[in-house]
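Engineer: model the following, please.
(one chain, ligands or ions: 2)
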Amino acid sequence: TTIYLQDYKPFGWIIDDVHLTFRLHPTATRVISRIRFRPDYDVTDRPFFLHGEDLKHISAKVDGHDIELRHVDGGIEADVPHAPFNWEAEVEINPEANTALEGLYRSNSMYCTQCEAEGFRKITWYPDRPDVMAQFTVRIESTAEHTPVMLSNGNGLFYQQDQTQPGAPNVSIYQDPWPKPAYLFALVAGDLVAHEDRFATMSGKDVSLAIWVRPGDEHKCAFGMEALKKSMKWDEDVYGREYDLDEFNIVAVDDFNMGAMENKGLNIFNSSCVLASPETSTDGNFERIEAIIAHEYFHNWTGNRITCRDWFQLCLKEGLTVYRDQQFTADMRSAPVARISNVLALRARQFPEDQGPLSHPVRPESFQEINNFYTATVYEKGAEVIGMLKTLVGDANYSKALDLYFERHDGDAATIEDWLQVFEDATGRDLGQFKRWYSQSGTPKVTVSEAWSEDGTLTLTFRQETAPTPGQEQKEPQVIPVNVGLLNPNGDEVMETRTLELTEAEQSFSFSGHSARPVPSILRGFSAPVILEQNMDNARRAFLLAHDTDPFNRWEAGRMLSRDALMSAIIDGAAINSDYLDGLKAVLRDDTLDPAYRALMLGQPTQSELAGLLHQAGHTPDPSRIHTASEAMRDAKATALADLLPTLYHDNQVSGTFSPEAEPAGKRALANAALALISRGDGGTLAAEQYDQADNMTQQLAALSCLLDAGTGAQQLAAFENQWSQDRLVMDKWFSLQIIHANPEDVVETTRRLTHHMDFDWKNPNRFRAVMGALQMHHAGFHHEGGDAYELLADWLIRLDPVNPQTTARMCTAFQTWRRYDAPRQEMISAQLDRIAAQEGLSGDASEMISRIRGA
Ligand code: ARG
Ligand code: ZN
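Structural biologist: Ligands and ions are numbered 1, 2, ... in the order given. Next comes the predicted model:
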């Protein structure tokens, strides 16, 4: 069934408070709910419907009397008084059997919950919708040897542990004073240990902080804790937002469908997104962990205190919270490096989504399964929309609008209309047209042309156009902020960045008073999530690569050079041109540039990005040619930079105690990028040395990657397995790495072999993704002729679906780009999509994804 935004109806009942009692048992947990309901007299139609799924009903009472329930699709109905009443129900659930990891489940003998978006209905009868907010009190009962630690949302009120006799019950009670929707409910119980700390808020309140982990993981908590404290401070300093409970708990769990979850006062994390140590985590892991901890913490205000009216408004909390975590990372680390990384991720994940069959607006208007809409579009494009809004209104107005948002909507379940209204009221600006960013899907293409007149005027003419997307044939012009600066022919900036506002299909802007024709630098900082088409020759690009004062566009100039060189190599078999290599050399030599930034400069477009660009340009991408050209580009760099690489490698070695901070991490990134190129020529000698000496995962993994690429890493690969066989998170890397670095023709065989490994625990989402995610990310391997990879992935999706529909549905996106490829590949993929769709009992999650991808 499809649900539509336009069909929204309020619930009809108000909940004053909720009391839950859990009697934990691995296969038969009892949940007793006591809920105080009263009619919402503003709502005329008040059917009494409560969600519920997979619940074994025990009893239900209204004001102490048994009541008859009518079991209907997705829940129950009952005839209740149209007056305030007390509801009391008891149900039984089976956490052990819950492999979908939604609702209350048991993972490694630890109980935990995931309720967003619609998991609470698997715990008890309840109006499981975000606009129903209530205060929760939770009592958890269990046996002490079973679950010595029992946590829920809010503040711990009471804890009793009877150690005098085995089997005596353990009780803990939590109370959350802040009204919240059911999706923010959480419960954790198990044998856990805490890494504790404290934080004094800006008004002087003392908050106890804890990261709860399984015994043995205590040494991996310190970094996460520092990140949490930095996040708390940053939200006070930058947004004026203070924490609002006496305690803040984070729990790490091994089996988790997503990255993490912002449950009020009790954030639950995929262990891969919180546990870190220098020996086991790469710099990239540290950076990601810091960002995710910040993200979940920032949700406390943007998500929890102000939540969403319905799931169509998901971007209200996610777009804004991603935007906030990106700001945080920019402040903690290097802002240009952070911006480039965000754009790389946007182009890698959001652009293909927005330009294929799964394209949907930042605020979708219909869905079958909301879990399928936790997408790059809602999250990352949603964040870009906030960034554009800030660019358009300016920093001061943005702050004013945000203050008003928190003041006006604290405690609300709000909408995108509410959000935009706040900006209109704070700034007086009409955002009617801007709102199209929320309703119109697809990536706008902006084409720019230049005219120079001898009176000293440069005119830029912009045309915007968005291709039709599923369900949206006609597109209207959007408000596109284009940041532009001008450089004179000597490379000096003659006009600082200013924002041009495109609002029409075609529009011109003139800049006069120039004695010589200036060079424009357009879309600085990637000020809008668009495809910019600019007719620019290599000389101009090389000029911008050498001189642009905007670090993003300077990087982008190099990117365009390498991109075009790759495209000509793929299409015409052309050799890699020297403009790019010369420009790159100059940038790499410039010691005033941040090593992390130079490391990004050494990167090149991914093979799947190139496939997308070829498709856009009207060519059918040939995965094997793309692979060959990408390797040729690496060889060309290795040759052209041969003199420079050893210096880059040696000058950027970091000695002393490992620190995951941006500066040493940037040096390691540059040194390891140099190592990757050096290894193409030395057969892996230097990499083997680094492998032997490495005392941290960044160095160890980078060296092993180079060895695998050089085809000489067998011994180290075995040693690595031996060293880390007890560490699940490191073993995930071991699994992925072998696939990522396999030759295209060996990818399927390598993957198949790994699925027979005794540690291929495919029901663990991290392990499944480590293997199947790597398979789909190896462009040339996944699309290798013959289609074996398509079949292998489909086999595993079919196997996983009955166990874990959410993770299955998510991985179906591997096929979203299928229409880019040649007819034989399209036929092979289409056959696999049909085969998946034909499975009896296929989940709603997977079937929605398959039918959207097929375009049915
Ligand atoms: N709200 C979480 C976050 O952004 C993501 C939860 C997604 N859960 C899901 N079942 N789709 O941090
Ligand atoms: Zn989020």
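Engineer: what about the helices in the stretch 151-300 of the chain?
Structural biologist: 222-239, 283-298 (DSSP state H, counting those that start in this stretch).
Engineer: out of those helices, flag the one nearest residue 338.
Structural biologist: helix 283-298 (9.1 Å; CB to CB). C-beta coordinates here come from the backbone N, C-alpha and C atoms, glycine included.
Engineer: and after the strand or helix carrying residue 87, which helix or strand comes next?
Structural biologist: Assigned by DSSP states H and E, residue 87 falls within strand 85-93. Elements were assigned by DSSP H and E; along the chain past strand 85-93, the next helix or strand is strand 103-107.
Engineer: other residues contacting the next helix or strand after that following strand?
Structural biologist: Moving toward the C-terminus from strand 103-107, the next helix or strand (DSSP H and E) is strand 110-114. The set of residues external to strand 110-114 that reach it, using CB atoms under 8 Å, 6 or more residues apart in numbering, is 24, 29, 95, 101-106, 119, 123, 147, 185-192, 214, 251, 253, 256-258, 261, 263, 268.
Engineer: quick check on those residues: which are buried?
Structural biologist: Using 16 or more other CB atoms under 10 Å as the burial test, the contacts of strand 110-114 include 24, 29, 95, 101-106, 119, 123, 147, 185-190, 192, 214, 251, 253, 256-258, 261, 263, 268 as buried.
Engineer: out of the helices of the stretch 151-300 of the chain, which one sits most buried?
Structural biologist: Comparing these by mean neighbour count (mean count of other CB atoms under 10 Å), helix 283-298 ranks first with a mean of 23.
Engineer: who touches whichever helix or strand comes after that helix?
Structural biologist: Where DSSP H and E defines the elements, the next helix or strand beyond helix 283-298 is strand 307-308. Residues outside strand 307-308 that contact it (CB under 8 Å, 6+ apart) are 130-131, 133, 180-181, 184, 314, 316-317, 412-415.
Engineer: what parts of this protein come near ligand 2?
Structural biologist: With CB under 5 Å from the ion as the criterion, the chain comes near ligand 2 at residues 318, 321.
Engineer: okay, and the helix or strand of the chain with the least pLDDT?
Structural biologist: Ranked by mean pLDDT, DSSP states H and E, the weakest helix or strand in the chain is strand 155-161, scoring a mean of 92.
Engineer: what about residue 643, how many neighbours?
Structural biologist: 8 (other CB atoms under 10 Å).
Engineer: helix, strand or coil: sort out it for me.
Structural biologist: Assigned by DSSP: H, G, I helix; E, B strand; the rest coil, the conformation of residue 643 is coil.
Engineer: and it, its phi and psi?
Structural biologist: Per-residue torsions, residue 643: phi -70, psi -30 (degrees, to the nearest 10).
Engineer: roughly how far apart are it and residue 588?
Structural biologist: The span separating residue 643 from residue 588 equals 11 Å under the rule CB to CB, to the nearest Å.
Engineer: what do you get for residue 361?
Structural biologist: With CB to CB as the criterion, residue 361 and residue 588 are 41 Å apart.
Engineer: check contacts around the residue nearest to residue 235 when sequence neighbours are not counted.
Structural biologist: Once flanking residues are discounted, residue 235 sits nearest to residue 241: 4.4 Å by CB to CB, 6 or more residues apart in numbering. Going by CB under 8 Å, 6+ apart, residue 241 touches 235, 300, 301, 406.
Engineer: same check, this time on residue 159
Structural biologist: The neighbourhood of residue 159, defined by CB under 8 Å, 6+ apart, consists of 150, 171, 172, 173.
Engineer: show the pLDDT at the third one.
Structural biologist: In other words, residue 172. For residue 172, the pLDDT comes out at 96.
Engineer: please name the nearest non-neighbouring residue to it.
Structural biologist: residue 150 (4.2 Å).
Engineer: the last one too?
Structural biologist: Among residues not flanking residue 173 along the chain, residue 158 sits closest, at 4.1 Å (CB to CB, 6+ apart).
Engineer: the one you found: neighbouring residues, count only.
Structural biologist: Neighbours of residue 158 under the rule other CB under 10 Å: 10.
Engineer: which residues touch residue 92?
Structural biologist: Residue 92 makes contact with 28, 29, 30, 31, 55, 56, 58, according to CB under 8 Å, 6+ apart.
Engineer: the residue nearest to residue 173 contacts residue 152, doesn't it?
Structural biologist: No: the criterion here is CB atoms under 8 Å, and residue 158 misses it with residue 152 at 11.7 Å.
Engineer: shared neighbours of the two, anything?
Structural biologist: Common neighbours of residue 158 and residue 152, counting by CB under 8 Å, 6+ apart, are residue 172.
Engineer: tell me which parts of the chain are close to ligand 1?
Structural biologist: Within reach of ligand 1 by CB under 6 Å from any ligand atom, the chain has these residues: 116, 117, 257, 258, 260, 261, 262, 295, 296, 318, 371, 374.
Engineer: need the pLDDT of residue 163.
Structural biologist: 67.
Engineer: quick one on the thing from earlier: the least confident helix or strand of the chain: partners in the sheet, and parallel or antiparallel?
Structural biologist: Here strand 155-161 is paired, per DSSP bridges, with strand 169-180 (antiparallel).
Engineer: hang on, the earlier thing: of the contacts of residue 92, which is the nearest to ligand 2?
Structural biologist: Nearest to ligand 2 among the contacts of residue 92 is residue 31, at 26.5 Å by CB to the ion.
Engineer: quick check: the closest one is in a helix.
Structural biologist: No: going by three-state DSSP, the assignment for residue 31 is strand, not a helix.
Engineer: how many other residues sit next to it?
Structural biologist: Applying other CB under 10 Å, we find 21 residues neighbouring residue 31.
Engineer: same question, the one 3 residues further on
Structural biologist: Using other CB under 10 Å, residue 34 has 15 other residues around it.
Engineer: quick check: angle from the helix or strand hosting it to strand 110-114?
Structural biologist: Assigned by DSSP H and E, residue 34 belongs to strand 29-39. Between strand 29-39 and strand 110-114, the angle comes out at 30 degrees (axes from the mean of the first three to the mean of the last three CA atoms, to 10 degrees).
Engineer: ok, and what's touching strand 29-39?
Structural biologist: Strand 29-39 has contacts (CB under 8 Å, 6+ apart) with 12-23, 46, 58, 80, 82-95, 104, 111, 123-126, 134.
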